[in-house]
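Colleague: Fold the stuff below for me.
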Amino acid sequence: MDFTFTGVSLGDYATSGLSPAQQIALTTGMRHAVRAIKYAGVSQTDWHVNQTICSGLDPDFPDIVLIDLAFAHLWLGDDGGAQPTRDVQDVYEMLIVDFNIDMDIIRRYWGPELEYEH
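Modeller: Model prediction:
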């Protein structure tokens, strides 16, 4: 099934430099997206900036859309289960290294990992 939507990759969106408000929106949006897939039992194994599309009505504060989960592991309902991955840590590091998100924003808005995220 194919879905069509408009937007730009996270890599392209964040190259223009982000205001503090945009950094907060990106941090909370990515945190929510990672929590949602972890809660659904999905472990992404190859995070990179072009697996996220920034879409929506407001180009300064886009919605986060995760794409390209071809190498993701699904573990809910699987007796063996997928091995734990570093999804939360990988995205956390991507925000810091690739997008230079202010550490005070990361500390305040990223939040702790929950039990189901391990």
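
Colleague: can you give me phi and psi for the spatially most central residue of the chain?
Modeller: Nearest residue to the geometric centre of the chain (Cα atoms, centre = their mean): residue 30, 3.6 Å. Taking degrees, to the nearest 10, you get phi -70, psi -40 for the backbone angles of residue 30.

Colleague: if I look at it, how far off is residue 22?
Modeller: According to Cβ to Cβ, to the nearest Å, residue 30 stands 12 Å off from residue 22. In short, each C-beta sits where N, CA and C put it, glycine included.

Colleague: Equivalent analysis for residue 74, please.
Modeller: 32 Å.

Colleague: neighbour count winner among the two?
Modeller: The neighbour count for residue 74 versus residue 22, taken as other Cβ atoms under 10 Å, is higher for residue 22 (18 against 13).

Colleague: quick one: that one from residue 3, how far?
Modeller: 25 Å.

Colleague: Who are the packing partners of the helix-or-strand element of the chain with minimal mean pLDDT?
Modeller: Within the chain, confidence by mean pLDDT, DSSP states H and E is lowest for strand 73-74 among all helices and strands, at a mean of 72. Strand 73-74 sits against strand 42-43, with contacts defined as 3 or more Cβ pairs under 8 Å, 6 or more residues apart in numbering; DSSP states H and E.
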